[in-house]
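Participant: only geometry, no sequence info:
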């Protein structure tokens, strides 16, 4: 541990990269734009996967797997879609030693290949709804890598559903956004603002897009999940019709939705501090580290025996790191596990043995507590639960403290170019006003929040009529 | 269900395809050589993943994720490796709208990119062993698709480990083969023969390769998993050295090992029958289907109430399909779930209600049993356990009955070209004799089994000295 994490107020961007690299969450690869997710980072992704997957299954979804490579002609069937994605694709032109007759695109997203299959599978209303999700890698060409946040290849899940009616598709789109919000808040401990994207910011090929938006510690927004009502666009592009209950042919209604390994970036930036990663307990595969401390052989045996008893008790429920390495001092070990974001540290020295006690340190607050050896499993459980809840509360307070109602453009610019934050401001709905803000300040409309209150006001830019505030912010 | 499964003895190959397509396990995609894994098939893969993943973690492995695209120059660093894989690669030549300076290969396997990273991560013996696994898609160009068995893209896990000594690497290679054997037998109910591959059949770049070989119902072999001792080949190609405990620099020792979605093909071909898929209970996400049967509204309510009580009891432990669809007759429903391989069917009619009983039908034997309503959870549990065990026994008997000791080449050819099977025969160790057998009969040496007995004999081909029998068979 020769290196040190750069403090946030010295260089926020280096701080982030330091945590990722030194915490062994990910690494740069020799392939431009691509990253390697190291075991510490992948362990977080596994928890994202298993928890989201359970939530998807509880809401009636099943998993499937579609091809990585998509024929060029498929990409071109939906006009907005190809325009949005084509420029950022990686293209296979040679296969098995021969030039291909038709180029194949590495999927940037799978609507086209999936709807080509749905045409085979959907004939009647009896085949609907079709509620399929896929866990996969996708690729969108990037030259400037930002670990987890912007890489050519990333891992994600993409849901693709087919329905009889617009209303059903709309219900699905909203239901999934709820799942995403629940997951972000209950598991990642990140409060989010659910809402609808503006026309300019919606998915290429969607009727409309919903998103959840999270605030990072540098006050910037991070879009943490999106859910799209695709209308009949893809059904028409791929000619997917079903016979309804009256025997009439109708085009199918569609949704798609996804979250990606970007969430790991969000998790890091929402909670971590200058010592390194801070993980909410539900996102830690190994939530506890035990560090026995001794001087000399006499103490060693006594401490290890005592610690071993504690370890056995905790192992019934938790995956515990037991750090009894001889060659490192306690302080070194503390720093290492703090850097890696282990939620709870238990220290056991000779004095603790004598007092039938332990020292417990919470990673988020760094608060040190002397706790009784008896009932340690219960104590740890309570501490982890409390930590999970308090991390969400803290993040929510932070978000609220840095969200401002603004009614004039000068103040708006001052905040956006200054300390940043979420700005709730009036907007007339005109894309030109939206573009002007973006050009002037780089801030964008994050979304039109679901909890928007009816409130007569004037557009920040043109002064035109507005009946509610939308969320502006600079974003990742 | 207009279609019918082609019987095995009419056309084995069509029988297999019928089960896959009609059972909705997979489908052909519009991309040549690629398949779609449908929800019924993917559910099996999820069980393969979760169970193997647990076994890997219990043996100290962690997961990570490496880039999909590998620079051409990396592929070329290990001579045998590039020769083996290069001709079957898909190549990306364009990215983000521009011709790339260096071509990128879609990974056919990840040794090269992983060892490029290990060079960054391994410096000292303290960094070893490194026990990493990856769940990923890979691509090896194929024009003739055989669903699950031979497709350009497939899903797999690939373990890549790094060790201080040859012995440790060898121990790891064997340990993993044991894990594969345990998994194949205890979960897939497929008995396998573990052994070492001949030089001709080993992995491109390995020192030696071990495999587990399974017998399908057409007596052909299917390689169900491989584990490679890579020696120092990749460490030398990528210059990965570590400082040992004496402070000397040494090249690292490596292993790699994998199983793929091919296992789903093995599972289908090992157990299924002319009615469709037969799944061992541990490989069924939904192991039970309940079919309530009634005539008229009076019976309906009574039967459904009774069935509902049973359902509630079973749901405590199992994911149960409750098929109370009005528009289909019981016989139709039975066929549908038999086709899809649901292990246990429970039928409930008015007579069963009167007798406080149910009808239970096991998918593998199609045996029909009247069972008591009381203690139904226990009854079902026992039936599923028994079924799991008996399926393995049956497959083992089948394998043993179709394994023959042969000492002359005429008999060998007669069996290989006739009904087929595994042939245990003497071989002198000369690759030329091996090639002759392959050219004459298409049979290959599957492996040199670990349980090979010392037995003086003469090579089947050249009559040269041999001290034990190896396994020959035609293979998928």
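Facilitator: Ah, there it is. Given the structure is predicted, the values throughout are model-derived calculations rather than measurements.

Participant: C-alpha from now on. contacts and neighbour counts both.
Facilitator: Noted.

Participant: ranges for the helices of the stretch 1-150 of chain A?
Facilitator: All helices of the stretch 1-150 of chain A, identified by DSSP state H, counting those that start in this stretch, fall at A:12-22, A:39-58, A:72-75, A:79-85, A:111-121.

Participant: Including mean pLDDT, could those go into JSON lines?
Facilitator: Listed next are the helices of the stretch 1-150 of chain A as JSON lines, based on pLDDT from 0 to 100:
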{"stretch": "helix A:12-22", "mean pLDDT": "97"}
{"stretch": "helix A:39-58", "mean pLDDT": "98"}
{"stretch": "helix A:72-75", "mean pLDDT": "92"}
{"stretch": "helix A:79-85", "mean pLDDT": "82"}
{"stretch": "helix A:111-121", "mean pLDDT": "97"}
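
Participant: Just tell me which of the ones you listed ends up closest to chain B.
Facilitator: Among the helices of the stretch 1-150 of chain A, helix A:39-58 comes nearest to chain B, with 4.8 Å by CA to the nearest CA.

Participant: Residues contacting the closest one, please?
Facilitator: Identification of contacts with helix A:39-58 by CA atoms under 8 Å, 6 or more residues apart in numbering or on different chains yields A:23-26, A:62, A:179, A:183, A:261, A:264, A:283-285, A:340, B:62-65, B:132.

Participant: list the buried ones in it?
Facilitator: A:39-45, A:47-49, A:52-53, A:55-56 (16 or more other CA atoms under 10 Å in any protein chain shown).

Participant: Which strand residues bridge the residue of the stretch 151-300 of chain A found nearest chain B?
Facilitator: Distance from chain B to each residue of the stretch 151-300 of chain A (CA to the nearest CA) is smallest for residue A:153, at 7.3 Å. On the basis of DSSP bridges, residue A:153 is bridged to residue A:139.

Participant: separation between it and residue B:132?
Facilitator: As defined by CA to CA, to the nearest Å, residue A:153 lies at a distance of 20 Å from residue B:132.

Participant: check contacts around residue A:106.
Facilitator: Contacts of residue A:106 (CA under 8 Å, 6+ apart): A:68-70, A:89-92, A:138-139.

Participant: Tell me the one of these nearest residue B:385?
Facilitator: Relative to residue B:385, the closest of those is residue A:68; by CA to CA it sits at 38.0 Å.

Participant: these two touch, right, the closest one and residue A:109?
Facilitator: No: contact criterion CA atoms under 8 Å: residue A:68 and residue A:109 do not qualify, at 9.4 Å.

Participant: Now list whatever residues contact both of these two.
Facilitator: residue A:138.

Participant: ok, the two, which is more surrounded?
Facilitator: residue A:68 (25 against 22; other CA atoms under 10 Å in any protein chain shown).

Participant: What number of residues are in the vicinity of the residue of the stretch 101-250 of chain A found nearest chain B?
Facilitator: Closest approach between the stretch 101-250 of chain A and chain B, counting by CA to the nearest CA: residue A:141, at 5.2 Å. By other CA under 10 Å, 22 other residues sit near residue A:141.

Participant: Quick check, it in contact with residue A:91.
Facilitator: No: using CA under 8 Å, residue A:141 is not in contact with residue A:91; the gap is 10.2 Å.

Participant: Give me every residue in chain A lying close to chain B.
Facilitator: Contact residues, chain A versus chain B (CA under 8 Å from any CA of the partner chain): A:29-31, A:34-39, A:41-43, A:62-71, A:87-97, A:116-117, A:132, A:140-142, A:153.

Participant: Kindly recompute the last result at 6 Å.
Facilitator: For chain A, the residues in contact with chain B (CA under 6 Å from any CA of the partner chain) are A:36-39, A:42, A:63-66, A:87-92, A:94-97, A:141.

Participant: Select only the buried ones of the residues you listed in PyMOL?
Facilitator: In PyMOL syntax, the buried subset of those is picked out as below (16+ other CA under 10 Å):
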select buried, chain A and resi 36+37+38+39+42+63+64+65+66+88+89+90+91+92+94+95+96+141
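
Participant: Pairing partners for residue A:321 in the sheet, please.
Facilitator: Beta bridges link residue A:321 to residue A:289, judged by DSSP bridges.

Participant: Helices along the stretch 201-350 of chain A, start to end?
Facilitator: A:233-237, A:262-271, A:296-315, A:330-339, A:350-354.

Participant: Could you list every helix and strand in contact with the last one?
Facilitator: The reference is to helix A:350-354. For helix A:350-354, there is no helix or strand it packs on, judged by 3 or more CA pairs under 6 Å, 6 or more residues apart in numbering or on different chains; DSSP states H and E.

Participant: Give me the contact list for the helix or strand bottoming out on mean pLDDT in chain A.
Facilitator: Every helix and strand of chain A was ranked by mean pLDDT, DSSP states H and E. The lowest is helix A:79-85, at a mean of 82. The contact list for helix A:79-85 (CA atoms under 6 Å, 6 or more residues apart in numbering or on different chains) reads A:75-76, A:204-205.

Participant: Can you mark which positions in it are buried?
Facilitator: Across helix A:79-85, burial judged by 16+ other CA under 10 Å covers A:81-82, A:85.

Participant: again with stretch A:400-420
Facilitator: Residues A:402-404, A:406-407, A:412, A:415-416, A:420 are the ones in stretch A:400-420 that count as buried (16+ other CA under 10 Å).

Participant: Equivalent analysis for stretch A:386-393, please.
Facilitator: Across stretch A:386-393, burial judged by 16+ other CA under 10 Å covers A:387-393.

Participant: next one: stretch A:254-264
Facilitator: Buried, per 16+ other CA under 10 Å, within stretch A:254-264: A:254-264.

Participant: Do I have it right that residue A:425 meets residue A:404?
Facilitator: No: applying CA atoms under 6 Å, one finds residue A:425 not in contact with residue A:404, separated by 8.4 Å.

Participant: if you look at the buried residues of stretch A:400-420, which of them are in helices?
Facilitator: Here DSSP state H is the test, and those give A:412, A:415-416 as lying in helices.

Participant: Buried residues of stretch A:336-356, list them for me.
Facilitator: Buried residues in stretch A:336-356, counting neighbours by 16+ other CA under 10 Å, are found at A:336-350, A:352-353.

Participant: tell me the mean pLDDT for that stretch?
Facilitator: Average pLDDT, stretch A:336-356: 97.

Participant: What is the distance between that stretch and the centre of its chain?
Facilitator: Chain-centre distance of stretch A:336-356: 30 Å, with CA atoms, centre = their mean, to the nearest Å.

Participant: what residues does that stretch touch?
Facilitator: Stretch A:336-356 is touched from outside by A:23, A:275-279, A:281, A:287-294, A:358-363, A:373, with contacts defined as CA under 6 Å, 6+ apart.

Participant: Can you say which helix or strand has residue A:369 in it?
Facilitator: Following DSSP states H and E, one finds residue A:369 within strand A:368-372.

Participant: Buried ones in that strand, by neighbour count?
Facilitator: Of all the residues in strand A:368-372, those buried under the rule 16+ other CA under 10 Å are residue A:371.

Participant: Show me what it is packed up against.
Facilitator: If you count contacts as 3+ CA pairs under 6 Å, 6+ apart, strand A:368-372 packs onto strand A:357-362.

Participant: The strand it packs on pairs with which strands?
Facilitator: Using DSSP bridges, strand A:357-362 pairs in its sheet with strand A:344-348 (antiparallel), strand A:368-372 (antiparallel).

Participant: what's in contact with the last one?
Facilitator: Residues external to strand A:368-372 that are found in contact with it (CA under 6 Å, 6+ apart): A:357-361.
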